[in-house]
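**Q** The following block contains a protein sequence and its predicted model.
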Amino acid sequence: MRNMIAALAGALFGTGLYLSGMTDTQKVQGFLDFFGSWDPTLAFVMGGAILPMAVAWAMTRTRRPVTGGDFPARPDARLDRKLIIGAVLFGAGWGLVGLCPGPALASLGFGGLGGIIFLIAMLAGMMIAPKARRILDTPRTAG
């Protein structure tokens, strides 16, 4: 049951990404080009995702998941070095390529070689991230 719900949610998510244009790298890069030919349409896509998610988070306070377990805890609201570095790297990758993890996976069937190269680079980054995290977490001594 849990896998079926996950597959259905993933298919719905991927379909939404495709229909909204989030898998179109040129549309995404046009949205990020504030000082050129800016395309604001993806702002509506993001707003259309953020608003229902805010309601869903509010509803989880008194409920439990249908498939068991617990809802994830709210993330830490502090801005630390890891969050800032991660956000900069994510934003740079999104701006340069026009893909982020969800749309990259959704576009595998039609994204061509560029989508596959992005996915390989993303997986390599995921493998490197724990080592980078350990380096960032190691206290430095003056010396």
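**A** Received the coordinates, thanks. Residues are numbered from 1 along each chain as shown.
**Q** Please make it C-alpha for all contacts and neighbour counts, starting now.
**A** Fine.
**Q** Look at residue 26 and say how many residues are nearby.
**A** Residues lying near residue 26 (other CA atoms under 10 Å) number 15.
**Q** oh, I was asking about residue 22
**A** For residue 22, the tally of surrounding residues (other CA under 10 Å) stands at 24.
**Q** does it really touch residue 104, like I thought?
**A** No: Residue 22 lies out of contact with residue 104 (CA atoms under 8 Å); the separation is 9.3 Å.
**Q** which residues does residue 40 contact?
**A** residue 31 (CA atoms under 8 Å, 6 or more residues apart in numbering).
**Q** Check the spacing between it and residue 63 real quick.
**A** 36 Å (CA to CA, to the nearest Å).
**Q** Next: residue 13.
**A** Separation of residue 13 from residue 63 (CA to CA) stands at 23 Å.
**Q** higher neighbour count, the two?
**A** Legend: neighbour count by other CA under 10 Å for residue 13 and residue 63, higher for residue 13 (15 against 10).
**Q** can you pull out the helices in the chain?
**A** Applying DSSP state H to the chain gives helices spanning 2-20, 25-32, 41-59, 81-97, 101-106, 112-137.
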